[in-house]
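Enquirer: Sequence first, predicted coordinates after that:
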Amino acid sequence: AAASLSKEGKPLLSWRVKILPFIEEGALYDQFKHDEPWDSEHNRKLIDKMPRVYLDPALPQLAKDGKTTYVLPVGEKSPFGGKDGTFIASITDGTSNTLMVVDVPVENAVVWTKPDDWNFNPEKPGAGLLDGKRKSFLAAFCDGSVRTLPADIDLTDLRRMVQMNDGEVISKQY
């Protein structure tokens with residue numbers, strides 16, 4: 001899932017906090033109060049401890065604000081569209097064809113602990129991702145591969161890469 005949730009179903013902490021033990025940041029993970037939101041008095045103090053793995057090396061100025069450009073595509077038919085997460089078997093279009101993490105433009109950077117990601121709109125697949133300034137962007141796929149995708153990517157292909165089980169074939173190799 002894109003975020004941990006309270007008993008009432010409200011987002012508390014980002015997936016970036018949830019995976020800390022799996023990226024050798026277990027000690028930082030243990031410092032969070034997982035039953036409190038990202039901006040609680042306690043958890044807010046941990047924003048400046050953002051792991052380097054969440055920092056785009058081309059944008060070091062974001063570190064001082066604890067911001068990252070690495071976000072999940074959240075929306076209709078994306079692996080992160082629901083509250084419960086997705087089983088890998090549900091990605092029927094193939095894990096090598098389905099986006100897991102994208103690198104958004106600097107103006108869309110988010111606080112790394114905040115449950116805030118790229119709100120994918122299938123009607124406007126590039127909105128919030130393709131800003132007209134960059135020539136390419138990084139994308140991690142559900143198979144673990146990372147690729148540089150062109151900013152002039154076919155928008156139908158981009159939609160197909162986000163939607164994990166639409167049964168549509170990507171028109172070319174990227």
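Expert: Now that the structure is in, tell me what you want to look at. Numbers count the residues shown, from 1 in each chain.
Enquirer: could you pull out the helices for this structure?
Expert: In the chain, the helices defined using DSSP state H lie at 15-18, 26-31, 41-44, 155-162.
Enquirer: what's in contact with the third one?
Expert: It stands for helix 41-44. Under the criterion C-beta atoms under 8 Å, 6 or more residues apart in numbering, residues 13, 32, 33, 36, 37, 38, 113 lie in contact with helix 41-44. All C-beta atoms are positioned from the backbone trio N, CA, C, and that covers glycine.
Enquirer: Excluding residues flanking it in the chain, which one is nearest the fifth one?
Expert: With sequence-adjacent residues excluded and distances taken as C-beta to C-beta, 6 or more residues apart in numbering, residue 37 is closest to residue 12, at 5.0 Å.
Enquirer: Are any of the contacts of helix 41-44 buried, and if so which?
Expert: Of the members of these, the ones counted as buried by neighbours, 16 or more other C-beta atoms under 10 Å, are 13, 32, 37, 38, 113.
Enquirer: Report the two of those residues separated the most.
Expert: Farthest apart among the buried ones among the contacts of helix 41-44 by C-beta to C-beta are 32 and 37. That separation is 10.7 Å.
Enquirer: what do these two both touch?
Expert: In contact with both residue 32 and residue 37: 13, 43, using C-beta under 8 Å, 6+ apart.
Enquirer: about what we covered before: pipe the helices of the chain into JSON lines and attach mean pLDDT, distance to residue 70 and mean neighbour count per row.
Expert: Formatted as JSON lines, the helices of the chain follow (pLDDT from 0 to 100; distance: least, C-beta to C-beta, whole Å; neighbours: other C-beta atoms under 10 Å):
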{"stretch": "helix 15-18", "mean pLDDT": "98", "distance to residue 70": "8", "mean neighbour count": "22"}
{"stretch": "helix 26-31", "mean pLDDT": "98", "distance to residue 70": "16", "mean neighbour count": "13"}
{"stretch": "helix 41-44", "mean pLDDT": "98", "distance to residue 70": "19", "mean neighbour count": "14"}
{"stretch": "helix 155-162", "mean pLDDT": "97", "distance to residue 70": "15", "mean neighbour count": "20"}
